[in-house]
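Enquirer: Just need the structure, nothing else, for what follows:
(2 chains)
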Amino acid sequence: MRVLDPWLDTPDDDHPDPGHHATATADGGTTDPAVDGGRPSAAVGYADLTVDEMVEGLAEGPGLVAVLDGVRCTRGDAGVTVTVDLYGKLVDLVLEPLAMRGRAVDLAATVHRLTTEAAAAAHSEAHGLLMPHLPPAVAPFLPAPTVR
Amino acid sequence: VTTTTARDDATGIVVEVGPGGTLHSFSLADRAMRLDGPRLAAAIVRLVDTAAARADRRAAIELGADLTPLGLDTTPAEAAERTTPDTWMR
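Expert: Purely as a prediction, here's the structure:
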């Protein structure tokens, strides 16, 4: 199994010996954090990785997935409070009496607007968390946060 | 982007989400306002959750990958269907 975690590790992680991370890369070579900071060169060949391998590599990061999974953003207006997760999924919704006094179509529009705003904020936060951990060859391809 | 739409005819809630649960469209029928705030809110979140599970599963199939390590719910479609209201659409 190919291990893809060296660029996800940070110097204060669980392995004080940087040599511990000399790791096989996708193209059959190795990376050594003591030499190149743990980030494989652009020649590693990420295009050769399967989606499963990329997911596996990310999941093996030092708690990165857990950190991203904890991203939550909340927005509120007119008696409506929405909370979304990393993916922009609505995970909590509070509808106060004020929100229930209006028309259904207006309430739906408010919920949709706030959810979209919160999702954009969550995307931006996740982008900031993820960027430092991406290999240089891949980082430029991560879409910048946008507001829909 | 592949989206999944779910509706609950009893409450008049319709949600359309993409993989991960991103809300693409959302509508409420007037009868939804007969519920109190907490119950309507719970029904909306529940329907989004159901639709998101379905969308995640579809995305996993299209990518041919297990996305569970990234936190996406790739519960087999059959299980997702079991949590789907009878009014499930598409």
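Enquirer: CA atoms for contacts and neighbours, from now on please.
Expert: Noted.
Enquirer: and whichever residue of chain A sits closest to chain B, how many neighbours?
Expert: When scored by CA to the nearest CA, chain A has A:Lys89 as its residue closest to chain B, at 4.3 Å. A:Lys89 has 27 neighbouring residues, counting by other CA atoms under 10 Å in any protein chain shown.
Enquirer: check whether the longest helix along chain B contacts chain A.
Expert: If you go by DSSP state H, chain B has its longest helix at helix B:37-63. Yes: residues of helix B:37-63 are located near chain A by CA under 8 Å from any CA of the partner chain, namely B:37-38, B:40-42, B:45, B:48-49, B:52, B:63.
Enquirer: May I ask which of those comes out lowest in pLDDT?
Expert: Looking at these by pLDDT, the weakest one is B:Leu63, with 74.
Enquirer: do you know how far that one is from B:Asp56?
Expert: Separation of B:Leu63 from B:Asp56 (CA to CA, to the nearest Å): 10 Å.
Enquirer: Please list the residues of chain B that sit near chain A.
Expert: So far as CA under 8 Å from any CA goes, chain B lies against chain A at B:20-23, B:25-30, B:32-33, B:36-38, B:40-42, B:45, B:48-49, B:52, B:63-67, B:69-71.
Enquirer: Next up, the contacts around the residue of chain A closest to chain B.
Expert: A:119, B:20-23, B:48-49, B:52 (CA atoms under 8 Å, 6 or more residues apart in numbering or on different chains).
Enquirer: now, the most widely separated pair of those residues?
Expert: Within these, A:Ala119 and B:Asp49 form the most distant pair, 15.3 Å apart (CA to CA).
Enquirer: The two - which one has more neighbours?
Expert: Neighbour count, other CA under 10 Å: between A:Ala119 and B:Asp49, A:Ala119 has more, with 30 against 23.
Enquirer: that's a strand at the more buried one, yeah?
Expert: No: using DSSP: H, G, I helix; E, B strand; the rest coil, the assignment for A:Ala119 is helix, not a strand.
Enquirer: Identify the residues contacting it.
Expert: Per CA under 8 Å, 6+ apart, neighbours of A:Ala119: A:73, A:84-89, B:22.
Enquirer: State the distance from it to A:Thr74.
Expert: 9 Å.
Enquirer: what's the overlap in contacts for those two?
Expert: Counting by CA under 8 Å, 6+ apart, the common neighbours of A:Ala119 and A:Thr74 are A:Val84.
Enquirer: following the helix or strand containing B:Arg7, which helix or strand comes up?
Expert: B:Arg7 is part of strand B:4-8 when elements are defined by DSSP states H and E. Later in the chain than strand B:4-8, the nearest helix or strand by DSSP H and E is strand B:13-17.
Enquirer: Quick check: which helices or strands does the following helix or strand past that next one pack against?
Expert: Where DSSP H and E defines the elements, the next helix or strand beyond strand B:13-17 is strand B:23-28. Helices and strands touching strand B:23-28, by 3 or more CA pairs under 8 Å, 6 or more residues apart in numbering or on different chains; DSSP states H and E, are helix A:104-130, strand B:13-17.
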